[in-house]
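*Asks:* okay, predicted coordinates and the sequence, questions at the end:
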2 protein chains.
Amino acid sequence: MVRVCAVIMAGGVGTRFWPRSREKFPKHLLEVIGKGTMLQNTVKRLEGIVRDEDIFIVTNRTQKAQLAKQLPQIADENLIVEPVVRNTAPCIALAAYHVRRVDPNAVMIVLPADHLIQDVDEFKRILRVAVQTAQESDALLTIGIKPTHPETGYGYIQINPDDGPQNPFFSRGVFKVKAFAEKPNPQTAERFLASGDFFWNSGMFVWRVDVILAQLRKCLPDLADALERINGAMGTSQYQQTLDLTYGMIRGISIDYGVMEKAPTVYVIPGTFGWNDLGSWDEVARISGKDDRGNSITGSVVQIDTQNCLIYSPGKLVAAIGIEDLIVVNTEDALLICRKGRSQEVKEISDYLKRKQMTEFL
Amino acid sequence: MVRVCAVIMAGGVGTRFWPRSREKFPKHLLEVIGKGTMLQNTVKRLEGIVRDEDIFIVTNRTQKAQLAKQLPQIADENLIVEPVVRNTAPCIALAAYHVRRVDPNAVMIVLPADHLIQDVDEFKRILRVAVQTAQESDALLTIGIKPTHPETGYGYIQINPDDGPQNPFFSRGVFKVKAFAEKPNPQTAERFLASGDFFWNSGMFVWRVDVILAQLRKCLPDLADALERINGAMGTSQYQQTLDLTYGMIRGISIDYGVMEKAPTVYVIPGTFGWNDLGSWDEVARISGKDDRGNSITGSVVQIDTQNCLIYSPGKLVAAIGIEDLIVVNTEDALLICRKGRSQEVKEISDYLKRKQMTEFL
C-alpha cells in the first residue's frame, strides 16, 4: 500500500490578526473560529488519510514549543524547524527530504496550517482523489478553490475545461493547469470569476516525493544542491550548523513560481468545501456566526443599539452604545478598533510597532 | 472679620462616567481634565477665600477613605459622612449645623465637588461678591451660569434684568430671582437662551448660616426638627446611632424645591467663568484639547485615518483604523465604545449591570 505523508507549513508570522496574533502566537496557533486551533484542525482533517507518525510540521524556533504543546500526538522528530523563513519552495524541499526517509515513493500532501475548511468530508474526498492520482502518475497536483467572489488577494489557476482528450484524469475531476495568474486587479478578478475557468490557488499540493524532488532538481538546481548538503549532514553532529548556514544562504522563492509554473505535469483538482484562508479580521467577521443584529460576539458584551460588529473580548467586559460596522479586538495588552472593510490595514499597525521598536506588542 | 465656611457636596455616585467612575471612585475623585481630581480642584479654588479648617466636605462611608487621602489638608472632623443619600436639602442642613458650631453668623458657601471651572479668577471674584452680599444681608444667593447653548439637562433661573429700583445689590451684578424653571424641553430651552433672562442653576449657593437655618425651619419644619435631634446628640456617644436612624427617615428633597423656590430673599449672581458640570463623556469630549484631526487621546494610541474621537486608555495600547465620532474608554476591567452624542446612555449600562448584579463593575 502507498505511504501517504503530510507536510503542514506552520511557520507564518501572521500580522494581519494583530492584536490576537503575535510572533509567538500566529494565526495557526489560535482558536479563531469554532473549537480547536487552526493547526489542530488542519491535523485533525487528515484523520483516516495520514497517520500521525507521517505528519511533518515545518515551524520556527519561536513557535516550536507552543506547537508541540498543541499537538502532543506528533513526535518531536516530525517537527521541522526552519532556521529562517525562505518562502514555500525551500520549505517544501526541506520537508521532502524528511518524507523521502520515510518512503522514497511516498505520496506527499502539502497544506498550509491556517486555513478554514467547513465541509471536511468533501475536503477529504478531494484529497483522496488527489492522493490516488499522484500515486498513479507523475502529476504535481494543486487543489483549486472555486471562487465565490472576485477576490484580488489570491493567485488564480486557469484550466481548459475541455481538456478531456489529453487528460487521463478528466473523469475524476482533475484538470491540466493551463496557466497560473498572479493576484489580479479588480476588473481582471471579475473576468476570472465570470469565465468559470479560474480557481483560487489554495497553496495545497499533492505529489509523489520522488516527483517533486526531481522537479526541484530540474527547476531550482541551486536549491536542490543546498538541500543535498543539508540532507548529507542529517543525523550527524554537524546537522544544525549545516542547516543554519546553508538554509540562510538559500534564495527565497515560492513553489508556484519556482516549480509549478515550469513543470510539465501540473494538474489542478477543483474543490468546493467552504474554504477560507481567514486572511483578515474582515474575513473572520464574514464567516462568524451572528446574532439577529449581525453582531459576532466573543466575551461579555452589553449592547445598546449596536449592529454588524465583530467584538472579541474574552477577558474584559465591553459596553457598546450606538456603534455599527466595527471590528473590536481586545486582548490582554492591546485593543484594536477598526472600521469593517479596512482590516487589511492592521498590517500597517504591525509595521508601525516594528518601526517604533514596540516589540512587546508584536 | 466675617468667618467664611465652605461646604462641598461630594457624595455623588456618578454612573455617567462609567467605566471610569465607580461607586468607590465617582467623578469627583477622578482626574478628568487637566491636573488634580475634580474635588481637589474644587478645594483649591477656595484658596484665599476660605481657610482649610473651615472647609467641610459631605461624603459617604464608601468614599471617605479615598477622599481623605486626596485631601490631607482637611481635618477628619471636617468630613461629614451622610449615612444615606437624601438629596441636597438634608445634606446642606446637616452641614449647616457644623458650620454654626464654627460661627453662628458665618457665611456659608455650598459647592458641588465635581464641576469644571476654567476661569478661576473670575469665579473667585463672583464668589467674593456673593460672600460680601450674604454677609451684609439676609440674601440666599445662588450662582447662575450664563447659558452658552439650549441645554435641556439643567434647571434654569429667571431674573428681571430691570429690577434695579427694588434691588439693593443691582450695582454688584446681583439680581433678584424671578422664578426657578425645571429642566426644559428643547423649544423652551431655545426660548430661555434667546431671552437672555435665564441662567443655568449651578447648584452653588452662598448665605449666612443663621439665614439658611431660619429658612429651613420655616420651609421644611420636619427636616429642621430631625436635624435638631441629630445636632442634640453631636459630641455624645449616641451621635452615630441618632444620625443613622434620624437621617434615614428624612424625606429626600432638593434645596431648590424645598427652600429656594419658597424663601423671600433669593438672589442670583450670574457668572461667566467657563463652567461645565461634565455630566457625560460627550461633555468631556467637547471640553478636551484636540489634535489636528479632532481627537482627544489619553494613553498610547496608533491611529490610521481616525477623527473626532475621544480615546482614553492609559494602561493599554490602542490601534484605531478608520473610525470617527467615537468615545472609547478602556479601564482595567471594562471597555466602553460609544457613539458621540449618545453618552447619556452610559447610565443604562450601569442600570443593566445593577440589574444583573454584576456589582464588580459598578
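*Replies:* Okay, I see it.

*Asks:* show the contacting residues for the closest residue in space to residue A:58 that isn't next to it in sequence.
*Replies:* Spatial nearest neighbour of residue A:58, chain neighbours left out: residue A:80 (4.7 Å); criterion: C-beta to C-beta, 6 or more residues apart in numbering or on different chains. Where you see a C-beta, it was placed from the backbone N, CA and C, and this is true even at glycine. By C-beta atoms under 8 Å, 6 or more residues apart in numbering or on different chains, the residues touching residue A:80 are A:56-59, A:94-95, A:98.

*Asks:* residues from chain A in reach of chain B?
*Replies:* Within chain A, the positions near chain B by C-beta under 8 Å from any C-beta of the partner chain are A:18-19, A:302, A:304, A:313, A:316-323, A:326, A:328, A:330, A:333-339, A:341-343, A:345-346, A:348-349, A:352-353, A:358, A:361.

*Asks:* what's the nearest residue to the most far-flung residue of chain A relative to its centre if we skip its chain neighbours?
*Replies:* In chain A, the residue that sits farthest from the middle, by C-alpha atoms, centre = their mean, is residue A:304; the gap is 38.3 Å. Residue nearest to residue A:304 in three dimensions, not counting chain neighbours: residue A:321, with 4.7 Å by C-beta to C-beta, 6+ apart.

*Asks:* remind me which helix or strand residue A:227 belongs to.
*Replies:* For residue A:227, the host element (DSSP states H and E) is helix A:221-233.

*Asks:* which strands and helices lie in contact with that helix?
*Replies:* helix A:88-102, helix A:209-219, helix A:239-249 (3 or more C-beta pairs under 8 Å, 6 or more residues apart in numbering or on different chains; DSSP states H and E).

*Asks:* which of those comes out lowest on mean pLDDT?
*Replies:* Note on the helices and strands packed on helix A:221-233: helix A:239-249 shows the lowest mean pLDDT, a mean of 92.

*Asks:* just the buried positions in that helix, please.
*Replies:* Judged by neighbour count using 16 or more other C-beta atoms under 10 Å in any protein chain shown, the buried positions of helix A:239-249 are A:242-243, A:246-247.

*Asks:* got the contact list for residue A:241?
*Replies:* residue A:233.

*Asks:* tilt between the helix or strand encompassing residue A:129 and helix A:209-219?
*Replies:* Residue A:129 is part of helix A:120-136, with elements assigned from DSSP H and E. On the basis of axes from the mean of the first three to the mean of the last three C-alpha atoms, to 10 degrees, helix A:120-136 is oriented at 70 degrees to helix A:209-219.

*Asks:* so the residue of the stretch 101-250 of chain A found nearest chain B, which of the three states?
*Replies:* Here the stretch 101-250 of chain A gets closest to chain B at one residue, residue A:153, 17.5 Å apart by C-beta to the nearest C-beta. Classification of residue A:153 using DSSP: H, G, I helix; E, B strand; the rest coil returns coil.

*Asks:* hang on, isn't it packed against residue A:276?
*Replies:* No. Using C-beta atoms under 8 Å, residue A:153 is not in contact with residue A:276; the gap is 11.6 Å.

*Asks:* now do the contacts for the residue lying closest to residue A:258 once chain neighbours are set aside.
*Replies:* Excluding its sequence neighbours, the residue lying closest to residue A:258 (C-beta to C-beta, 6+ apart) is residue A:89, at 4.2 Å. By C-beta under 8 Å, 6+ apart, the contact set of residue A:89 is A:216, A:220, A:223, A:252-255, A:257-259.

*Asks:* burial count for the closest residue to residue A:15 other than its chain neighbours?
*Replies:* Spatially, and ignoring its direct neighbours in sequence, residue A:15 is nearest to residue A:350 (3.8 Å; C-beta to C-beta, 6+ apart). Neighbourhood size, residue A:350 [other C-beta atoms under 10 Å in any protein chain shown]: 24.

*Asks:* didn't residue A:350 look like it was pressed against residue A:19?
*Replies:* No. If you go by C-beta under 8 Å, residue A:350 and residue A:19 don't touch, sitting 9.3 Å apart.

*Asks:* distance of the closest residue to residue A:118 other than its chain neighbours from chain B?
*Replies:* The shortest distance from residue A:118 to any residue other than its chain neighbours is 2.8 Å, reached at residue A:274 (C-beta to C-beta, 6+ apart). Distance, residue A:274 to chain B, by C-beta to the nearest C-beta, to the nearest Å: 28 Å.
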